[in-house]
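Q: Okay, structure incoming, though there's no sequence with it:
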Ligand SMILES: [Zn+2]
């Protein structure tokens, strides 16, 4: 978004986020995650010092439980609250050390009078992805599969093919 547009007044954005773009960006995630719905709504207000961004992105992603591998959906509510300042102001702020940011907002930077919303939205969404998705707090995990009725050993089914190779060599 060009800053000139904001000089006319607050900018309101209310639109779907393209799923193919988001899916591509989400490949940076450590587990499989596929967005199935994504929408963002925000207001941008220009002031002398920068641009106040407030809003959120609502995203639904398909993934799997890291423990039992069940397919599951996550609904992410990603806050987009930042105070955006021109990058030229950064050095000045570092030198002075005082807080210009209203309401202790997160501070971001823009270059050449252009705010790249893609990156801000992507980062906000990635931040809300859990480290380890779980279908529930009490997920029992993968049910252990009895490999051999004569043995008491239980083996993670994901390792079963390896286990059978090993056993057949004995
Ligand atoms: Zn689970």
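A: Right, received. Where do you want to start? These numbers were taken from a predicted model, which means no experiment stands behind them.
Q: What residues does the protein have near the ion?
A: By the criterion of Cβ under 5 Å from the ion, the positions of the chain lying close to the ion are 65, 67, 68, 135, 139. C-betas here are computed from N, CA, C, even on glycine.
Q: Now a ChimeraX select for only the buried ones of the residues you listed.
A: Of the residues of the chain next to the ion, the buried ones can be selected in ChimeraX as follows, counting by 16 or more other Cβ atoms under 10 Å:
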select :65,135
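Q: from the residues of the chain next to the ion, which single one is nearest residue 86?
A: Distances from the residues of the chain next to the ion to residue 86 were compared by Cβ to Cβ; the smallest belongs to residue 65, at 43.8 Å.
Q: Which pLDDT value does the model give the closest one?
A: According to the predicted model, the pLDDT of residue 65 comes to 95.
Q: List the contacts of the nearest residue to it once chain neighbours are set aside.
A: Closest residue to residue 65 in three dimensions, ignoring its sequence neighbours and counting by Cβ to Cβ, 6 or more residues apart in numbering: residue 135, at 3.9 Å. Remark: with contacts taken as Cβ atoms under 8 Å, 6 or more residues apart in numbering, residue 135 is in contact with 65, 67, 68, 70, 72.
Q: 10 Å - rerun?
A: 63, 64, 65, 66, 67, 68, 69, 70, 71, 72, 73 (Cβ atoms under 10 Å, 6 or more residues apart in numbering).
Q: ok, residue 82 - how many residues close by?
A: For residue 82, the tally of surrounding residues (other Cβ atoms under 10 Å) stands at 24.
Q: So in terms of bridging, what pairs with it?
A: Applying DSSP bridges to residue 82 gives these bridge partners: residue 53, residue 106.
Q: That one touches residue 105, doesn't it?
A: Yes. Under the criterion of Cβ atoms under 10 Å, residue 82 makes contact with residue 105 at 6.0 Å.
Q: Between these two, which contacts overlap?
A: With contacts defined as Cβ under 10 Å, 6+ apart, the residues adjacent to both residue 82 and residue 105 are 52, 53, 54.
Q: number of nearby residues for residue 125?
A: For residue 125, the number of neighbouring residues by other Cβ under 10 Å comes to 24.
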